[in-house]
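# starting from these lines, generate the structure:
(chains A and B)
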Amino acid sequence: DAKTTQPNSMESNEEEPVHLPCNHSTISGTDYIHWYRQLPSQGPEYVIHGLTSNVNNRMASLAIAEDRKSSTLILHRATLRDAAVYYCVSNSNSGYALNFGKGTSLLVTP
Amino acid sequence: DAGITQSPRHKVTETGTPVTLRCHQTENHRYMYWYRQDPGHGLRLIHYSYGVKDTDKGEVSDGYSVSRSKTEDFLLTLESATSSQTSVYFCAISVFGGGGTGFTDTQYFGPGTRLTVL
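So this is what the prediction gives:
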């Protein structure tokens, strides 16, 4: 079971880039890294995932370390709507269920 | 939003009463999950299903049962609710895909059910 470690909280100014780190030193060679976020009073929503290469989509970028023991979610220009809890997750022992930790609470200030 | 609905959205019940929460999906996905979310614990898996009548336990399954008689519905039952089961319950489905040398799934979550057991 690949355990992930994230800071409890981070703060950013609006319109600045945000780099959210995640450590996953026990990840196996075929496990993907997934990122989800949860806005207040809503269910988690998918952000991005990757295996070995850096990935980009309309929401964010994902930078994965060459040794795959860590990754960074990059929000290029934080907005107030990006204030959420961000989860870095990996496959759990229970088949295809995802193993959510406690995530990083991102505060975005004007 | 992958067409996931949960009902009820809010429920208050008393200790010892049975409670059933429903998750409904409209896109015929095979895998469905029930999570609970509590302050300080993040999301924890209760049960999941990998097909009609195929279910398995998750991390915190004690006190819960599930049923899946149709692809579109996944029911979570608290046979005798306790105050420790006060929580927000999320249903999710998996959409599978892969690339490179791996195989993975993306999960889509419902809006949640807030359950209070007095």
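
# going forward, measure contacts between C-alpha atoms and count neighbours the same way
Will do.

# residue B:85: what's it in contact with?
B:115-117 (Cα atoms under 8 Å, 6 or more residues apart in numbering or on different chains).

# need the pLDDT of it.
For residue B:85, the pLDDT comes out at 97.

# got the phi and psi for it?
phi -90, psi 0 (degrees, to the nearest 10).

# ok, residue B:49 next?
Torsion angles, degrees, to the nearest 10, at residue B:49: phi -130, psi 140.

# give me the beta-bridge partners of it?
residue B:32, residue B:55 (DSSP bridges).

# what about the residue nearest to residue A:59 when sequence neighbours are not counted, distance to residue A:73?
Nearest non-adjacent residue to residue A:59, counting by Cα to Cα, 6 or more residues apart in numbering or on different chains: residue A:47, 6.5 Å away. Look at residue A:47 and residue A:73: by Cα to Cα, to the nearest Å, they are 9 Å apart.

# so for those two, which residue has more residues nearby?
residue A:73 (25 against 21; other Cα atoms under 10 Å in any protein chain shown).

# my guess is that one contacts residue A:17, does it?
No: when contacts are counted by Cα atoms under 8 Å, residue A:73 is not listed as touching residue A:17 (10.4 Å).

# show the end-to-end separation of stretch A:66-76, please.
21 Å.

# touching that stretch from outside, list them.
Residues contacting stretch A:66-76 (Cα under 8 Å, 6+ apart): A:16-27, A:35, A:52, A:59-65.

# now neighbour count and pLDDT too, for the contacts of residue B:85, in CSV please.
Conversion of the contacts of residue B:85 to CSV gives the following (neighbours: other Cα atoms under 10 Å in any protein chain shown; pLDDT from 0 to 100):
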residue, neighbour count, pLDDT
B:115, 20, 98
B:116, 19, 97
B:117, 18, 97
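
# kind regards, and thank you for your time.
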